[in-house]
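S.K.: Structural data only, the sequence is not supplied:
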């Protein structure tokens with residue numbers, strides 16, 4: 001079935017641009033999981049991430065005719081819409097209720113602690129610093145797609161990834177257990 005969908009993608013692009021919502025749904029469905037993961041890391045709130053992806057999907061549907069390029073540009077185009085929606089959501093959340101932090105259970109493993117430390121260090125980065133790291137390392141996008149999603153040159157994207165990773169490394173410290 002996947003092979004059939006891959007062969008039909010150019011036709012789906014044309015029919016989606018003509019206004020066929022079913023074709024758009026088939027094209028966008030594989031991108032929803034990476035989009036949600038991106039939004040979850042950017043916003044650090046699951047429900048806000050779901051809302052951001054939903055709003056981004058609606059915006060993508062409305063602006064699908066403006067997509068320039070081939071099928072390769074669909075993923076970075078959609079992820080840039082999600083990233084912009086996350087930025088707008090963060091700007092509008094100044095009025096939101098402060099949530100009580102989740103209290104970790106006492107049965108956390110050593111691996112869970114490391115993951116938690118990395119997650120906390122990621123949250124200390126600004127959204128502009130966090131975005132290239134998430135796109136490249138978490139969503140495993142190649143450098144050229146990261147550049148398209150950030151709307152910068154590949155060398156600028158590489159530089160942003162390097163600077164954010166360097167800052168992240170400085171925030172993380174290894175603790176020795178005796």
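M.R.: Noted; the coordinates are in hand. In this text, all values refer to a predicted model and were calculated from it rather than measured experimentally.

S.K.: Can you show me the helices along the protein?
M.R.: 2-17, 21-43, 46-62, 74-92, 110-124, 127-133, 143-150, 154-171 (DSSP state H).

S.K.: out of those helices, nearest to residue 68?
M.R.: helix 74-92 (8.5 Å; Cβ to Cβ). C-beta: built from backbone N, CA, C; applies to glycine.

S.K.: just checking, what packs against that closest one?
M.R.: Helices and strands touching helix 74-92, by 3 or more Cβ pairs under 8 Å, 6 or more residues apart in numbering; DSSP states H and E, are helix 21-43, helix 46-62, helix 127-133, helix 143-150.

S.K.: outside of it, which residues touch it?
M.R.: If you take Cβ atoms under 8 Å, 6 or more residues apart in numbering as the criterion, helix 74-92 is touched by 13, 27-28, 31, 34-35, 38-39, 42-43, 48-49, 51-53, 55-56, 59-60, 63, 67, 69, 127, 131, 135, 139, 141, 145-146, 148-151.

S.K.: Next, format the helices of the chain as CSV and append mean pLDDT and mean neighbour count.
M.R.: Output for those, formatted as CSV (pLDDT from 0 to 100; neighbours: other Cβ atoms under 10 Å):
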stretch, mean pLDDT, mean neighbour count
helix 2-17, 70, 13
helix 21-43, 90, 18
helix 46-62, 92, 17
helix 74-92, 87, 20
helix 110-124, 68, 12
helix 127-133, 87, 20
helix 143-150, 90, 21
helix 154-171, 89, 15
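
S.K.: Could I get the contacting residues of the closest residue to residue 147 other than its chain neighbours?
M.R.: Spatially, and ignoring its direct neighbours in sequence, residue 147 is nearest to residue 157 (3.9 Å; Cβ to Cβ, 6 or more residues apart in numbering). Contacts for residue 157 (Cβ under 8 Å, 6+ apart) come out as 132, 136, 143, 146, 147, 150.

S.K.: can you do 6 Å?
M.R.: Residue 157 sits next to 143, 146, 147, 150 when contact means Cβ atoms under 6 Å, 6 or more residues apart in numbering.

S.K.: how near is it to residue 54?
M.R.: 27 Å (Cβ to Cβ, to the nearest Å).
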